[in-house]
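*Asks:* heads up, no residue letters with this:
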């Protein structure tokens, strides 16, 4: 039977499972020919491979976990949540990881490999729009102002890194000029919903002594409410300027963008006597890349393709509880 890297279609992990059904009892993983498809890069570093799926589907096949564990010569599989998340220890990084990751994506499964050392983080640094909430707050305001389509296009291009963030923000805020300030509360009440898993993520990490900061290129009128509801210790964002009860079309300076999120990471960790390695950061847009690549663990959550391509931890199917699984928390450890 051919294997990944030896003629087996890399987009069909079922061939791995089929081979292992025939061979699992015959030889230890490193004694069969599948071992030739595994190359350990550099020094032997102990990592953990985590597989997870959408919590609503719970369709993580145990055969897939066992097949991949054997293919890579991993340790015993540990189920963090039945049919939803599992992990196993691994020495080094498989050279066919990218191919196998693509195969898992086709099956609706997120695959992540993280170092075992320092896996549980002491600080959460999170974006807000399309990360802790399911919407882009400025797009929702724009809908109320009747300029939704135009603003959404600018937002999408800015988050994909096609436009300068500061200029794009000024342009979008300018289109909100004259909108009553009361619309903000209306949008919060009727349009904004929390990303699934966010409350559990915050409660669990904080119960284990972590600090949580919400850092957004959005607006304080939204981050203050979201931070309070989810339990963040602090929040930072831009300020919509208001005069006479209406939005002026201007944003307060300086604008909090990509560099400001990195600055927040540096200042907060310094204040708490933490290092970058102690931080897990999560975001979805181009202006999050600075903090995602700087943090000890940067998670691209349902991210734009150009952003996900630059991050080692990519979650496309799981919700925010995936950040707990990749840190080694089992579902029984979750705090509601």
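*Replies:* Okay, I see it. All values derive from a computational prediction rather than experimental measurement. Residues are numbered from 1 along each chain as shown.

*Asks:* what residues sit buried inside stretch 211-219?
*Replies:* By 16 or more other C-beta atoms under 10 Å, the buried positions in stretch 211-219 come out as 211-219. The C-beta positions use only the backbone N, C-alpha and C, and glycine is treated the same way.

*Asks:* closest to residue 117 among those residues?
*Replies:* residue 211 (20.4 Å; C-beta to C-beta).

*Asks:* what's the closest one sitting at in phi/psi?
*Replies:* The phi and psi values for residue 211, taken as degrees, to the nearest 10, are phi -100, psi 150.

*Asks:* list the residues that contact it.
*Replies:* Neighbour list for residue 211: 122-124, 233, 268, 272, 274 [criterion: C-beta atoms under 8 Å, 6 or more residues apart in numbering].

*Asks:* tabulate those (a markdown table), appending secondary structure, pLDDT and neighbour count.
*Replies:* Below are these laid out as a markdown table (DSSP: H, G, I helix; E, B strand; the rest coil; pLDDT from 0 to 100; neighbours: other C-beta atoms under 10 Å):
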| residue | secondary structure | pLDDT | neighbour count |
| --- | --- | --- | --- |
| 122 | coil | 98 | 20 |
| 123 | strand | 98 | 23 |
| 124 | strand | 98 | 23 |
| 233 | coil | 98 | 16 |
| 268 | helix | 98 | 19 |
| 272 | helix | 98 | 15 |
| 274 | coil | 98 | 18 |
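
*Asks:* make TSV out of these and add distance to residue 111.
*Replies:* Listed next are the contacts of residue 211 as TSV, based on distance: C-beta to C-beta, whole Å:
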residue	distance to residue 111
122	25
123	25
124	22
233	32
268	30
272	32
274	28
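
*Asks:* any idea which of the residues you listed is closest to residue 225?
*Replies:* If you rank these by distance to residue 225 using C-beta to C-beta, residue 233 comes first, at 15.2 Å.

*Asks:* test my guess that the closest one contacts residue 209.
*Replies:* No - taking contacts as C-beta atoms under 8 Å, residue 233 lies outside contact range of residue 209: 11.8 Å.

*Asks:* tell me the secondary structure of the closest residue to residue 261 other than its chain neighbours, please.
*Replies:* Distances taken as C-beta to C-beta, 6 or more residues apart in numbering place residue 291 nearest to residue 261, at 4.4 Å, with adjacent residues excluded. The three-state label given to residue 291 by DSSP: H, G, I helix; E, B strand; the rest coil is helix.

*Asks:* for residue 159, give me the pLDDT.
*Replies:* You'll see residue 159 listed with a pLDDT of 83.
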